[in-house]
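**Student:** Need coordinates for the below:
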Amino acid sequence: MTTTAIFGGGVMGETLLSGLIRSGRAVADLVITERRPDHAAVLTGRYGVKVVDNAEAASLADVLVLVVKPQDMDGLLAEIHDHVAPGDLVVSLAAGITTEFLESRLPDGSSVVRVMPNTPALVDQGMAAISPGQHCTTEHLDAAQALLESCGKVVHVPEKYQDAVTAISGSGPAYIFYVVEAMVEAGVVLGLPRATSNELVVQTLFGAATMLKETGEHPTILRERVSSPGGTTVAALRQLDDHKVRAAFITAIEAAAQRSSELASGQN
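**Tutor:** This next block holds a predicted model:
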């Protein structure tokens, strides 16, 4: 059985750890690193996982999962470089960090996979896109997929699309929460108690998402079924169109993709 080391015990690192354990992975086959002693103690108490330093984690593991901030990646790679063995798999969940960047700072021929996850992984409904590096084997790519499937769904994309993935699914939950905030506030403006408005909006969102997933229908078709001629929905949608909300979303997502590209190229 392989040993998996998770480098970074923050939100996403802990999410992956808990997902692996829920999916049946033995705690004895997992280690994690965490710089904050207090949080390290929390992780050990909560999951029974061994918390070690970066060098020891890299020496112990066959699968190294890097879940640190992009600005901390260079230092981490320098620290673990001499402890990465031939045949190890290195999986990076850091935004904007390319496989080329990883390969140039790891031993020659290292097998790396770049991942863009998102926060619904916290409730096992994550969406992760994975891209292999030039030395990554099919077996290693399958292993990376299995790793991420512990807390959601996985798709394979060429690395050139990772900026678009970041803009759509990586940042996407924030756009949804933004719309939910606006809808809840509208309910309050119309006189609904906030708790009632929130329940109405959240269940509507969940129901609509479930319809999209289970019917396989195009969103335009589902929208038109709600939009009776001359009715309330059409009146609302006309206002959204008049305010160019669709165009604003497209422009916003393009901006997110551009920012992802800037981060990848080292711009601040």
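**Student:** Tell me how this protein divides into domains.
**Tutor:** Residue ranges for the domains of the chain, per automatic domain parsing: 4-157, 172-264.
**Student:** Out of those domains, which gets nearest to Val165?
**Tutor:** Val165 sits nearest to domain 4-157 of all those, at 4.2 Å, using CB to CB. Using the backbone N, CA and C atoms, a C-beta is placed for each residue, glycine as well.
**Student:** Mind checking the domains of the chain for the one nearest to Asp163?
**Tutor:** If we rank the domains of the chain by CB to CB, the stretch that ends up nearest is domain 172-264, at 4.1 Å.
**Student:** Check the model's average confidence along the closest one for me.
**Tutor:** Here domain 172-264 scores 96 as its mean pLDDT.
**Student:** How far off centre is stretch 75-87?
**Tutor:** From the chain centre to the centre of stretch 75-87 is a distance of 24 Å (CA atoms, centre = their mean, to the nearest Å).
**Student:** So that it lines up with my notes, have the first residue be 167 from now on.
**Tutor:** Fine by me, first position is 167 from now on; the one you just mentioned is stretch 241-253.
**Student:** Straight-line length of it, end to end?
**Tutor:** 22 Å (CA to CA, to the nearest Å).
**Student:** which of the domains of the chain is buried the deepest?
**Tutor:** domain 170-323 (a mean of 18; mean count of other CB atoms under 10 Å).
**Student:** isn't there a strand covering Val320?
**Tutor:** Yes - assessed with DSSP: H, G, I helix; E, B strand; the rest coil, Val320 lies in a strand.
**Student:** Beta-bridge partners for it, please?
**Tutor:** Ala294 (DSSP bridges).
**Student:** picking that back up, make CSV out of the domains of the chain and add distance to Val331.
**Tutor:** CSV is the format used below for the domains of the chain (distance: least, CB to CB, whole Å):
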stretch, distance to Val331
domain 170-323, 4
domain 338-430, 9
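**Student:** For Ala330, find the nearest of these.
**Tutor:** Shortest distance between Ala330 and the domains of the chain, using CB to CB, is found for domain 338-430: 5.4 Å.
**Student:** can you tell me the distance between the two ends of that closest one?
**Tutor:** End-to-end distance (CA to CA), domain 338-430: 19 Å.
**Student:** Ok, stretch 328-344 next?
**Tutor:** For stretch 328-344, the end-to-end distance is 23 Å (CA to CA).
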